[in-house]
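One predicted model, sequence on top.
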Amino acid sequence: MNYSNYSKTPLEQWIEEQYRSNGVFTPNDLDIDKIALSFGVDIVYYDKTTFSENEERVIFIDNRNDRTEQRKVFFHELCHVIRHSGDQRWMPDLFREAQEIDANRFALYATIPFFMLEQITLPIHRSEAISLLALEFHAYPELVELRLKQVEDRISDSEFISTFTYNNQITSSLETTIHESPVSGLSYLQEPRIHSLYGLEDFSRPQALVIEQRQGFNWNKPLDLNVERNYKLHSSSFHRSRHDATVLPGDLSLLPNRKGYVTINLSRVAWRHGQSVTRLILPMDAIDDAINF
């Protein structure tokens with residue numbers, strides 16, 4: 001794997017900063033008592049089922065479990081303590097599910113941090129690589145495989161986006177100016193055209209959405225987008241131009257009352273790329289990170 005093409009999420013970066021600032025640099029440093037101390041969390045070992053108390057910032061660990069199981073549940077519960085609030089027994093299913101998704105993702109990042117993973121030379125055969133990492137990080141092979149797949153997908157998406165051919169020619173469609181209303185004389189914007197962009201091997205989910213507004217975007221107004229809709233496939237001869245801009249996780253926010261929708265903060269995109277952009281590239285990973293951060 002070409003680790004240089006891996007892009008860390010803000011959550012990963014934050015965990016890494018916490019680790020480094022508290023002297024956690026290698027897999028051997030991933031002692032749960034040390035990690036708990038660095039995050040300001042207490043651990044109580046007892047002979048009952050593991051759970052956490054968010055308000056008191058305490059994680060109760062089942063002392064009957066082996067080290068691997070204790071680490072697995074610790075990192076999951078750690079996320080609940082430092083990032084979540086409320087009692088899951090009484091909250092709506094949607095909120096509880098969102099917290100569980102967030103805790104599972106946090107556990108992957110915290111159990112096998114990328115800055116440690118990239119220092120390890122992996123065997124060629126996948127089964128041997130999984131066994132090695134499971135031993136190094138005291139993690140279940142199933143969790144290691146999930147983390148490896150996550151890293152590989154992130155690298156694949158990055159390479160996919162970066163290999164788009166930049167086309168510096170300004171086509172007639174890109175030169176189209178904002179139309180004037182024959183009635184009022186005011187400019188108007190048509191609805192953007194949206195297509196889905198797939199990789200060469202995985203057609204289970206788009207790798208990105210392409211949002212095109214030939215007349216130019218309204219940069220002063222956020223753009224609401226249904227990301228769960230099945231959009232038409234983009235042409236296989238897709239070329240990227242200087243009028244394109246990539247949407248980052250920080251440009252996105254969720255619409256609490258509209259499931260499947262996100263809002264793109266167009267003013268943030270314009271701040272980075274200017275207002276000549278006529279096409280946005282929205283990677284699905286950016287959506288995932290916005291939802292789970």
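That came through, no problem.

How is this protein divided into domains?
The record, using automatic domain parsing to delimit domains, assigns the chain the ranges 3-159, 191-292.

Would you convert these into TSV that also reports mean neighbour count and mean pLDDT?
All C-beta spots, glycine's among them, are computed from the backbone N, C-alpha and C. Formatted as TSV, the entries for these read as follows, by neighbours: other Cβ atoms under 10 Å; pLDDT from 0 to 100:
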stretch	mean neighbour count	mean pLDDT
domain 3-159	16	87
domain 191-292	16	82
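
most residues in a single helix of the chain, which one?
The single longest helix within the chain, with elements called by DSSP state H, is helix 141-162.

Which residues does it contact?
Here helix 141-162 makes contact (Cβ atoms under 8 Å, 6 or more residues apart in numbering) with 1-3, 5-7, 72, 107-108, 111-112, 114, 117, 126, 129-131, 133-134, 137, 199, 207-208, 246, 281, 283-285.

now, which of the residues you listed lie within helices?
Among these, the members falling in helices (DSSP H) are 72, 107-108, 111, 114, 117, 126, 129-131, 133-134, 137, 284-285.

and the gap between Val262 and Tyr45?
Remark: distance between Val262 and Tyr45 (Cβ to Cβ, to the nearest Å) = 42 Å.

swap that for Val151, sorry
The span separating Val151 from Tyr45 equals 32 Å under the rule Cβ to Cβ.

quick revisit: tell me the one of the ones in helices among the contacts of helix 141-162 nearest Glu17?
When the ones in helices among the contacts of helix 141-162 are ranked by distance to Glu17 (Cβ to Cβ), Phe114 comes first, at 12.7 Å.

what sits against Lys48?
Here Lys48 is in contact with Phe60, Asp62 (criterion: Cβ under 8 Å, 6+ apart).

10 Å instead, please
Phe60, Ile61, Asp62, Asn63, Arg64 (Cβ atoms under 10 Å, 6 or more residues apart in numbering).

Next one: it from Asn230, what distance?
47 Å.

Then Leu132?
When distance is defined by Cβ to Cβ, Leu132 is 40 Å away from Asn230.

Return stretch 65-73 as CSV; C-alpha atoms alone will do.
Included here for stretch 65-73 are C-alpha records, laid out as CSV according to Å, rounded to 0.1, in the frame of the first residue of the first chain:
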residue,chain,number,x,y,z
ASN,A,65,-12.1,-11.2,30.2
ASP,A,66,-8.7,-11.6,28.5
ARG,A,67,-6.5,-8.7,27.5
THR,A,68,-7.7,-8.6,23.9
GLU,A,69,-11.4,-8.5,24.9
GLN,A,70,-10.7,-5.8,27.5
ARG,A,71,-8.9,-3.6,24.9
LYS,A,72,-11.8,-4.1,22.5
VAL,A,73,-14.5,-2.9,24.8
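
Which residues does that stretch contact?
When contacts are defined by Cβ under 10 Å, 6+ apart, stretch 65-73 is touched by residues 30-32, 35, 43, 45, 49-52, 59-64, 107, 110-111, 134, 137-140, 142-143.

Ile281 touches His239, doesn't it?
No - here Ile281 does not reach His239: they are 12.0 Å apart, not a contact under Cβ atoms under 10 Å.

got the end-to-end distance for stretch 267-284?
20 Å (Cα to Cα, to the nearest Å).

Please read the previous query as pertaining to stretch 276-287.
Between the opening and closing residues of stretch 276-287 there is a gap of 24 Å (Cα to Cα).

Quick one: the helices in the chain, in order.
Under the criterion DSSP H, the chain carries helices at the ranges 10-21, 32-38, 67-83, 93-111, 114-117, 126-137, 141-162, 266-273, 284-292.

need these in JSON lines with distance to His195, can you?
Shown next, in JSON lines, are the helices of the chain (distance: least, Cβ to Cβ, whole Å):
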{"stretch": "helix 10-21", "distance to His195": "28"}
{"stretch": "helix 32-38", "distance to His195": "44"}
{"stretch": "helix 67-83", "distance to His195": "35"}
{"stretch": "helix 93-111", "distance to His195": "27"}
{"stretch": "helix 114-117", "distance to His195": "31"}
{"stretch": "helix 126-137", "distance to His195": "34"}
{"stretch": "helix 141-162", "distance to His195": "15"}
{"stretch": "helix 266-273", "distance to His195": "18"}
{"stretch": "helix 284-292", "distance to His195": "13"}
